[in-house]
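**Student:** Need coordinates for the following:
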Amino acid sequence: MTEVQKLLPKWILIVSGLFALMELMVSGALCFSPQSVLDTVDLNAKGVDYVIYMWAARQFALGFIFAFATLKKSIPMLTIAYIFFLVMFFGDFIIGIL
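**Tutor:** Now for the predicted structure:
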């Protein structure tokens, strides 16, 4: 372990691990039980399954990135993961207010 990696606070690893776990769980729920996540969406409508699987893939990718960066304890990888998280939340916010 390098000197830079020793400076990474333990709480950041815990929070990053929780984010990774939550993202992977949401991805699994979207794939295997979408009705548990999407109560008010007509799952029989055309194209909805495609959107659900795209959303699940996005969540899985983010969870995998966070898990990998957390396990490696890499500050640059965690920084990029959190920037991606911020951009994703900002995009979701903009879509939500439109």
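**Student:** from the chain's centre, how far out does stretch 11-26 sit?
**Tutor:** Offset of stretch 11-26 from its chain centre (CA atoms, centre = their mean, to the nearest Å): 8 Å.
**Student:** How about that stretch, which residues are buried there?
**Tutor:** Neighbour-count burial for stretch 11-26, counted by 16 or more other CB atoms under 10 Å, picks out 16, 19-20, 23-24, 26. (Glycine included, C-beta is placed from N, CA and C.)
**Student:** repeat for stretch 63-75
**Tutor:** For stretch 63-75, a neighbour-count test (16+ other CB under 10 Å) marks 63, 65-67, 69-70, 73-74 as buried.
**Student:** Now name the helix or strand holding residue 65.
**Tutor:** helix 48-72 (DSSP states H and E).
**Student:** Looking at that helix now, give me its mean pLDDT.
**Tutor:** What helix 48-72 shows for mean pLDDT is 93.
**Student:** quick one, helices of this protein?
**Tutor:** 3-6, 10-32, 34-37, 48-72, 75-97 (DSSP state H).
**Student:** excluding its backbone neighbours, what's nearest residue 17?
**Tutor:** residue 70 (5.0 Å; CB to CB, 6 or more residues apart in numbering).
**Student:** need the contact list for that neighbour.
**Tutor:** 13, 16-17, 20, 78 (CB atoms under 8 Å, 6 or more residues apart in numbering).
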